[in-house]
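1. What shape does this take:
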Amino acid sequence: MSEQLSGTVAIFGAGVMGETLLSGLLRAGRPAERLVITERRPERVAELQERYPGVRILDNVEAAEFAEVLVLVVKPQDMSGLLTEISFHVRPGDLVVSLAAGITTSFLEERLPQGSSVVRVMPNTPALVDQGMAALSRGQHCTPEHMEEAMDLLRSCGRAIEVPEHYQDAVTAISGSGPAYVFYVVEAMIEAGVVLGLPRATATELVVQTLFGAATMIRETGAHPTVLREQVTSPGGTTAAALRQLDDHKVRAAFITAMEAAAARSAQLSGQ
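-> Numbering: from 1, shown residues only. Have a look, this model is predicted:
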């Protein structure tokens, strides 16, 4: 085995989120020789080698021995097996970061060597376009330096914040699942445009740019969404008529109920 490089990051799992993190780290300036990703399927290995020259593709044990930062990006149901496989190779001073939904820091700590430094992350899919939102929670042995390292990793694909772990179910409901709610609303708005006689391509362009513009206004102005909504809503106008229908159908209450259901499911998956 080659001598371990200082600051080497190993990403366990070459699925969508694993590759997203890898490409984000490269764009953020991490040297390819200090990045490792794991994959067993020969055809996927060949694809990754062509796409990311210089990045090492190893098996799980080799990656755990080689790296100082171990990023676990596998399905929740595969986490226990992965931890069993690599636990013996995690050294004091290593950082273990989990991006698996519902996997608690205590779950990780119980299956890793005593005193291991772990961080739990809830990312979301806009990380694919460097606009992700990640919420991180530290385990009981995580050092400030390790927490900052984990934050830097996730900032390569968007924004990152630290939250107490008991917030993670709410985070999952809001930002983890949140893109799906937005896509759901966008679908409905596009369908409405088609019903009203617009070509689908035109309706799609109108809706997507409207969504992007509205989100940008919230971020750039810092104004409360209620203030921005009222600026669009003229007394007796078209927007007021539309919002009246949304209120009559209890859309706001339905969104809150939906997110409560998502949080409850997250807690169930976490075994809480």
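2. Quick check: phi and psi at E162.
-> Note on E162: backbone dihedrals following degrees, to the nearest 10 are phi -100, psi 140.
3. my guess is it meets C142, correct?
-> No. Counting by Cβ atoms under 8 Å, E162 does not reach C142; the two are 10.3 Å apart. C-beta coordinates here come from the backbone N, C-alpha and C atoms, glycine included.
4. Of these two, give the one with the bigger neighbour count.
-> Of the pair E162 and C142, C142 is the one with more neighbours under other Cβ atoms under 10 Å, namely 23 against 15.
5. give the contact list for the closest residue to that one other than its chain neighbours.
-> Spatial nearest neighbour of C142, chain neighbours left out: S117 (4.7 Å); criterion: Cβ to Cβ, 6 or more residues apart in numbering. Neighbour list for S117: 93-96, 139, 141-143, 146 [criterion: Cβ atoms under 8 Å, 6 or more residues apart in numbering].
6. And the helices in this structure?
-> Under the criterion DSSP state H, the chain contains helices at 16-27, 42-51, 60-66, 76-86, 105-111, 144-155, 168-171, 178-195, 200-221, 225-232, 238-248, 251-269.
7. Read off the pLDDT value for the closest residue to A150 other than its chain neighbours.
-> Once flanking residues are discounted, A150 sits nearest to V119: 4.3 Å by Cβ to Cβ, 6+ apart. Looking at V119, its pLDDT stands at 98.
8. partners of A160 in the sheet?
-> A134 (DSSP bridges).
9. Wait, it touches S137, no?
-> No. A160 lies out of contact with S137 (Cβ under 8 Å); the separation is 11.5 Å.
10. who's more crowded, the two?
-> Using other Cβ under 10 Å as the criterion, A160 and S137 rank with S137 on top: 23 against 19.
11. ok, the closest residue to that one other than its chain neighbours - contacts?
-> Among residues not flanking S137 along the chain, E165 sits closest, at 3.9 Å (Cβ to Cβ, 6+ apart). Shown in contact with E165 (Cβ under 8 Å, 6+ apart): 104-105, 120, 137.
12. same thing with P225?
-> So P225 contacts I218 (Cβ under 8 Å, 6+ apart).
13. how close does it get to T202?
-> Per Cβ to Cβ, to the nearest Å, P225 is found 27 Å from T202.
14. Please verify my assumption that P113 contacts V96.
-> No. Applying Cβ under 8 Å, one finds P113 not in contact with V96, separated by 9.9 Å.
15. which residues do the two both contact?
-> V90.
16. And those two? Which one has more around it.
-> Neighbours per residue (other Cβ under 10 Å) separate P113 from V96, with V96 holding more: 29 against 14.
17. Across the sheet, point out what pairs with the more buried one.
-> Applying DSSP bridges, one finds that V96 bridges with L70, V118.
18. how much space between it and P144?
-> Taking Cβ to Cβ, one finds V96 at 16 Å from P144.
19. Repeat that for A214.
-> A214 is 37 Å from P144, by Cβ to Cβ.
20. Which one's more surrounded, these two?
-> A214 (14 against 8).
21. what about T221, how many neighbours?
-> 10.
22. Not including adjacent chain positions, what is the nearest residue to it?
-> Using Cβ to Cβ, 6+ apart, the nearest residue to T221 is L228, at 7.2 Å.
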